[in-house]
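# what follows is a protein structure lacking sequence information:
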């Protein structure tokens, strides 16, 4: 690099085993897309060798430098923990709380090496979880009074006597807290402390089905029946949810002697769907191995009880045709 570029106009920011970041003092009238073009000191050497090195996948690299991303600002918390932004920001610092940080602060730092201090009240990292340091407060944990829980996401739990933070571990996609010889699901501990349960419901649901999202607005007390209607998967089948269906969608409310609620067929997408009160879940189409018939599994309600009904696609289409014929006759 030193043969091609003016290293006096390049500042090393950070590096790790397979990458590094440079700050370039190039053309102030050009943006980050100028890359290294404005700091070339030997144009002949550059032109001769810039295309001589290839990667394993056959892509050219300029003097063995592959540019992944460029921007005005690089935040480097540690190796393998950095981001390049298109705007100048100061990581972890709220500018409203630090009026001494402004554009001139950056200019003075670059030109004169002047250091301006600021108070970081937002950033703290702990095992892939980000919390807001110095915010929120700890309150007694309902499940165990030897512990307390922070009322701010991600709701850290700590022992009262020695302030030891209890870290969750993952078991079958569930985040578990082990305290005083017992295992608790983290989302349930949070709900017990911060979400009212006037109907004395016994389960806690992740509304968006992401079990790593413990925001209070994503948790709700729910019955077992309603909780099962918001599952993300079943029997190795991942469910797909959509927010809306077309105006052409047809209500599926009967099949033979069976009666249904909240089931639809959308001819625009050729899909059967179930509405769980928030979103529409696409029904998985199965195939009968004996007959080759296609069918969907639908819950039929009878005397306040639900029964699983296997509805063949041909049978449902027959119901549709009867419904359409009845509608035409009525008009």
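Yep, that arrived. Because the structure is predicted, anything quoted here is derived from the model rather than measured.
# please enumerate the helices of the stretch 1-150 of the chain.
For the stretch 1-150 of the chain, helices defined by DSSP state H, counting those that start in this stretch occupy the ranges 43-49, 103-112.
# quick one: average confidence on the first one?
Helix 43-49 shows an average pLDDT of 79 in the prediction.
# buried sites along that helix?
For helix 43-49, the neighbour count (16 or more other C-beta atoms under 10 Å) marks residue 46 as buried. (C-beta placed from N, C-alpha, C; glycine too.)
# now it: how far from the chain's centre is it?
Helix 43-49 sits 45 Å away from the centroid of its parent chain (C-alpha atoms, centre = their mean, to the nearest Å).
# which other helices and strands contact that helix?
Applying 3 or more C-beta pairs under 8 Å, 6 or more residues apart in numbering; DSSP states H and E, one finds that helix 43-49 contacts no other helix or strand.
# so residue 32 sits right up against residue 72, yeah?
Yes - between residue 32 and residue 72 there is a contact under C-beta atoms under 8 Å: 6.1 Å.
# on that earlier part again, any chance of the helices of the stretch 1-150 of the chain in CSV, plus distance to residue 252?
Below are those laid out as CSV (distance: least, C-beta to C-beta, whole Å):
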stretch, distance to residue 252
helix 43-49, 68
helix 103-112, 61
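# counting neighbours, what do you get for residue 158?
Close neighbours of residue 158, defined as other C-beta atoms under 10 Å, add up to 17.
# my guess is it meets residue 165, correct?
Yes - look at residue 158 against residue 165 with C-beta under 8 Å: they come within range, at 4.9 Å.
# so for residue 288, which of the helices of the stretch 1-150 of the chain sits nearest?
Closest to residue 288 of the helices of the stretch 1-150 of the chain, according to C-beta to C-beta: helix 43-49, at 65.8 Å.
# re earlier: residue 284: which of the helices of the stretch 1-150 of the chain is closest?
helix 103-112 (54.7 Å).
# list the buried ones in that closest one?
For helix 103-112, by 16+ other C-beta under 10 Å, it's 105-106.
# can you check stretch 240-253 too?
Buried-residue list, stretch 240-253, by 16+ other C-beta under 10 Å: 241, 245, 249-250, 252.
# got it, and stretch 15-23?
21-22.
# next one: stretch 226-236
Within stretch 226-236, the residues that count as buried by 16+ other C-beta under 10 Å are 227, 229-230.
# mind checking which of the residues you listed land in strands?
Assigned to strands by DSSP state E, none of the buried residues of stretch 226-236 qualify.
# among those residues, which one lies nearest to residue 24?
residue 230 (50.0 Å).
# if I read this right, residue 288 contacts residue 297, doesn't it?
No - counting by C-beta under 8 Å, residue 297 is not a contact partner of residue 288; they are 11.9 Å apart.
# show me the shaky parts of the chain.
17-18, 50-66, 75-97, 119-135, 255-258, 298-331 (pLDDT under 70).
# quick check: domain ranges of it?
As assigned by automatic domain parsing, the chain contains the domains 7-87, 129-228, 241-330.
# residue 288 and residue 297: which has the busier surroundings?
Comparing residue 288 with residue 297 by other C-beta under 10 Å, the one with more neighbours is residue 297, at 14 against 11.
# my guess is the more buried one meets residue 286, correct?
Yes - using C-beta under 8 Å, residue 297 is in contact with residue 286, at 7.0 Å.
# can you get me the start-to-end distance on stretch 268-282?
By C-alpha to C-alpha, to the nearest Å, the extent of stretch 268-282 from end to end equals 13 Å.
# so what touches it?
Contacts with stretch 268-282, where a contact means C-beta atoms under 8 Å, 6 or more residues apart in numbering, come from 207, 226, 229-230, 239-246, 248-249, 252, 262-266, 283, 285, 296, 298, 316.
# do stretch 232-239 as well
209, 231, 281-282, 284.
# narrow those to those in strands?
281-282.
# isn't residue 205 right next to residue 227, touching?
Yes - with contact defined as C-beta under 8 Å, residue 205 reaches residue 227; the gap is 5.0 Å.
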